[in-house]
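Asker: after the sequence you'll find the predicted model.
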Amino acid sequence: MKSLFGRRSAIVTAALATALVLSGCSSSVNDSAGEASGDCGSYAIAMHAWGGYTASAQVLAEVAKAELGCTITQTTLEEGPVTYDAMEAGTIDVLIEDWGGGRWKDWSDRGAVVEVGDNGNIGIIGMYVAPWMVEKYPDITDSKNLNKYAALFKTADSGGKGAWFEGPTGYTTIGEKMVSANKLNFKVIFSGSEAALVDGFLKAEENKTPFIGYAWQPWTLHSKLPTLEAARVKFPANDWSDPASASGLTDYPSTPLKKLISKKLNDANDSFTSLVKNFKWTNADQNGVAADLESGMTAEEAANKWIAANTATVNSWLGK
């Protein structure tokens with residue numbers, strides 16, 4: 001998850017960031033340059049490499065093309081500094097979902113990047129048990145009770161303790177701190193991939209076997225397991241904003257995800273500027289579109305399916 005909680009690494013050297021922007025070596029996604037009647041103009045949306053981001057960006061692009069007559073280019077870039085440099089260079093105009101917690105401050109201080117509010121998605125990270133366990137063990141989602149059930153989670157790799165499954169080692173987490181600070185009788189095990197976590201949750205639910213793992217919102221796993229959010233283990237309310245300073249005694253904080261635009265788009269103050277500023281949807285909206293992408297729909301098909309089913313929301317973005 002992006003740099004604030006780190007589902008994926010966003011560390012890039014300044015030299016690489018500059019090289020990507022100046023050389024124009026980023027690849028194009030969908031190469032979506034659709035036109036319709038209107039005077040919206042031409043704009044570029046940054047594309048980041050996870051399904052939820054694609055869902056948000058494609059819905060925005062389809063509405064802009066069909067309703068406003070915009071010419072939209074979608075360009076794949078690394079998140080974080082590479083994208084902000086591209087916005088400063090004038091090659092990217094919209095970043096529809098940023099988890100960075102203000103990491104763009106240097107660019108916004110220079111006026112190159114403008115924050116234009118929340119996109120409606122709330123980033124939620126935590127530890128979750130397989131949903132079937134909540135019905136059988138109603139108090140298991142209270143962190144104070146985890147040790148009572150630790151033996152249920154033992155595996156061949158957990159050394160006699162409960163197996164506590166994290167994401168891959170590249171994901172930033174406070175899981176080890178949580179286990180230590182709360183004196184939990186669990187061993188932290190890092191999954192080899194995001195797919196391994198999905199597989200762990202789905203098999204545990206299907207086979208009614210114990211499982212506790214790292215998960216987040218928005219994420220398509222919630223579409224596959226609609227009761228997953230009710231299976232989140234609740235630690236005391238959070239009181240921190242930086243993983244490095246977290247004690248482990250408190251839970252992950254939730255964070256509203258932000259929209260960023262270029263100075264060019266902000267100065268244009270046109271119909272597309274208004275659309276981006278008004279764009280707001282829910283975690284469930286994003287999960288639904290992303291799930292359609294995973295099922296084999298093209299980005300355009302999944303986006304247009306959602307648009308057709310949510311005309312009132314789209315009209316609110318358009319000021320109708």
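Answerer: Right, received. Where do you want to start? Numbers count the residues shown, from 1 in each chain.
Asker: mean confidence score for the longest strand along the chain?
Answerer: What stands out as the longest strand in the chain, according to DSSP state E, is strand 113-129. The pLDDT scores in strand 113-129 average 95.
Asker: and stretch 139-148, by the same measure?
Answerer: pLDDT averaged over stretch 139-148 gives 98.
Asker: related to what we said a few turns ago, from the chain's centre, how far out does the longest strand of the chain sit?
Answerer: 7 Å (Cα atoms, centre = their mean, to the nearest Å).
Asker: one more: stretch 47-62?
Answerer: Centroid separation between stretch 47-62 and its chain, computed with Cα atoms, centre = their mean, is 11 Å.
Asker: in it, what counts as buried?
Answerer: By 16 or more other Cβ atoms under 10 Å, the buried positions in stretch 47-62 come out as 47-48, 50-62. Every C-beta, even on glycine, is put in place using the N, C-alpha and C of the backbone.
Asker: may I ask which of these comes out lowest in pLDDT?
Answerer: For the buried residues of stretch 47-62, the pLDDT minimum is residue 50, 84.
Asker: what residues are up against residue 215?
Answerer: If you count contacts by Cβ atoms under 8 Å, 6 or more residues apart in numbering, residue 215 has them with 125-128, 197, 201, 221, 228, 232.
Asker: list phi and psi for residue 311.
Answerer: Main-chain dihedrals, residue 311, degrees, to the nearest 10: phi -60, psi -30.
Asker: for residue 48, which non-adjacent residue is closest in space?
Answerer: If the residues on either side of it in the chain are set aside, residue 48 comes closest to residue 79, at 4.9 Å by Cβ to Cβ, 6 or more residues apart in numbering.
Asker: number of nearby residues for the one you found?
Answerer: Other residues near residue 79 come to 24 when the count uses other Cβ atoms under 10 Å.
Asker: now do the SS call for it.
Answerer: Under DSSP: H, G, I helix; E, B strand; the rest coil, residue 79 falls in the coil class.
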